[in-house]
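> Model the following, please.
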Amino acid sequence: MTAETALNEQVSAWLADFEAALAAGDTARAVEFFAAVSYWRDLVAFTWNIKTMEGTAAIAAMLGSVLEDVAPRN
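So this is what the prediction gives:
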């Protein structure tokens, strides 16, 4: 296995796990994918606004308020 293949597998697994958390509406699990100091720039996909959330608390609040209606998947 090459380093590139291993990296692709890690990224694919991360994205699949993150997508599963979002699709399940599991805000707590989804926020675990972010570092304590992190940012989410929503470009209309979740909030219908161009908005930046700073930190896991703000990201969790945004996801908690929109996941049920947005129902992201794939």
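
> Which stretches in the chain count as strands?
39-43, 50-54 (DSSP state E).

> and the angle from the last one to strand 39-43?
Looking back up the chat, that one is strand 50-54. Put simply, strand 50-54 runs at 170 degrees to strand 39-43, going by axes from the mean of the first three to the mean of the last three CA atoms, to 10 degrees.

> For this protein, which segments are assigned as helices?
Along the chain, counting by DSSP state H, helices occupy 3-23, 27-31, 56-70.

> if we compare the ones you listed, which one ends up closest to Val37?
helix 56-70 (8.8 Å; CB to CB). Backbone N, C-alpha and C define where each C-beta goes, glycine included.

> buried sites along the closest one?
Thr56, Ala58, Ile59, Ala60, Met62, Leu63, Val66, Leu67 (16 or more other CB atoms under 10 Å).

> Those into JSON lines, with extra columns for pLDDT and distance to Ala3?
JSON lines is the format used below for those (pLDDT from 0 to 100; distance: CB to CB, whole Å):
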{"residue": "Thr56", "pLDDT": "96", "distance to Ala3": "30"}
{"residue": "Ala58", "pLDDT": "96", "distance to Ala3": "35"}
{"residue": "Ile59", "pLDDT": "96", "distance to Ala3": "31"}
{"residue": "Ala60", "pLDDT": "96", "distance to Ala3": "34"}
{"residue": "Met62", "pLDDT": "96", "distance to Ala3": "35"}
{"residue": "Leu63", "pLDDT": "95", "distance to Ala3": "33"}
{"residue": "Val66", "pLDDT": "93", "distance to Ala3": "37"}
{"residue": "Leu67", "pLDDT": "93", "distance to Ala3": "35"}
